[in-house]
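A.B. asks: Turn this into a model:
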Amino acid sequence: MTKTVSIESLLKERNAKLKPGGGESSYAVEREPLTKVIQANYPAFELVRDAVLSRHPRDVDLHAQFDDHSHRIIEELGRFDMLDPAAERPRALGVDAKRYLSGGWLEELAWLAAMEAGADEALYGQPLRWQVGEYYGENEIDLIIRRKERLGFVSCKALQSEFDADNRKHRNRLMDALHEADNLADHFGEPGERVAVLVTTDLIDEMRQMPRYTALMGKAAVLDVRIIPLEELEWAKLVAAIGELIDH
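C.D. replies: Predicted coordinates:
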């Protein structure tokens, strides 16, 4: 009898179990047009996101700073029922919209790219329960990809697009994301399986062809964690980058 291979069966062999509540692939497919508008205009989306989620001081009018790209994003958000139609100014409507705008869109984009890259199966926003000896725990993995009997893992971080070397909090969040991804590989991965961090920060100085955060890139190389920065958020590049994780 042929063994059925799935993400669930492979993780079960690693003492981990899928929990209910993961991302719905039908939602990712339905919202693909909106997700790709955000992907193509992420710096403009940052302003829109902060405005509709009220992430700004009361005396700052982010809506007044909207440009054509911002208005197009607002239009798409309205088309997908993400905004409160009764509000005087655009604002997020409901828990699902807030989760999507806060970073769920990036998980959905990564799922779409994984399927385009030829994954046999992919899950996003997936909670897991695991056991090691007498110890139990839970994790949520942003993206798990499978091709045949190999898995790949992606941690998605929707952070500010502009890298500021003097912003310690931003540097720490990037480094924490790297360690989080490495922990996924250690905990759930098998030898030869790959893990990546998809982050919406500009980490490459294209004029000098140098990384903006050398310590991060150096440590990622040592840990064998693939960093996918803002420069690779463009669709074809993203598909290629995520495809590397399962291209054995």
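A.B. asks: For the rest of this, base every contact and every neighbour count on C-alpha atoms.
C.D. replies: OK.
A.B. asks: List the contacts of residue 143.
C.D. replies: Contact criterion CA atoms under 8 Å, 6 or more residues apart in numbering gives 107, 110-111, 122-126, 153-156 as the residues in contact with residue 143.
A.B. asks: go again using 10 Å as the cut-off
C.D. replies: For residue 143, the contact set (CA atoms under 10 Å, 6 or more residues apart in numbering) comprises 23, 107-108, 110-111, 114, 122-126, 152-156, 195-196.
A.B. asks: Quick check, central residue of this structure?
C.D. replies: Nearest residue to the geometric centre of the chain (CA atoms, centre = their mean): residue 156, 2.6 Å.
A.B. asks: Assign that one to helix, strand or coil.
C.D. replies: Under the three-state scheme (DSSP: H, G, I helix; E, B strand; the rest coil), residue 156 adopts strand.
A.B. asks: For the nearest residue to it once chain neighbours are set aside, give me the backbone phi and psi.
C.D. replies: Using CA to CA, 6 or more residues apart in numbering and skipping residues adjacent in sequence, the residue nearest residue 156 is residue 198, 4.8 Å away. With angles defined as degrees, to the nearest 10, residue 198 sits at phi -100, psi 110.
A.B. asks: if we can go back for a sec, what about the residue nearest to the centre of the chain, distance to residue 12?
C.D. replies: As for residue 156, its distance to residue 12 is 23 Å (criterion: CA to CA, to the nearest Å).
A.B. asks: returning to what we had before: mind listing which of the contacts of residue 143 are in strands?
C.D. replies: 122-126, 152-156, 195-196 (DSSP state E).
A.B. asks: in the protein, which ranges drop under the pLDDT threshold?
C.D. replies: For the chain, residues meeting the criterion pLDDT under 70 lie at 1-3, 248.
A.B. asks: Could you list the buried residues of the top helix by length along the chain?
C.D. replies: The residue-count maximum for a helix in the chain (DSSP state H) belongs to helix 168-188. Buried residues in helix 168-188, counted by 16 or more other CA atoms under 10 Å: 170-171, 174-175, 177-179, 181-182, 184-185, 188.
A.B. asks: Stretch 197-208 now?
C.D. replies: 197-204.
A.B. asks: Following element in sequence after the stretch of helix or strand residue 75 belongs to, please.
C.D. replies: Assigned by DSSP states H and E, residue 75 belongs to helix 68-79. Counting by DSSP H and E, the next helix or strand C-terminal to helix 68-79 is helix 94-99.
A.B. asks: Quick check, residue 244 in contact with residue 117.
C.D. replies: Yes: between residue 244 and residue 117 there is a contact at 8.7 Å, judged by CA atoms under 10 Å.
A.B. asks: Quickly list what's touching both of these two.
C.D. replies: Here residue 244 and residue 117 have residue 238 as joint contacts, going by CA under 10 Å, 6+ apart.
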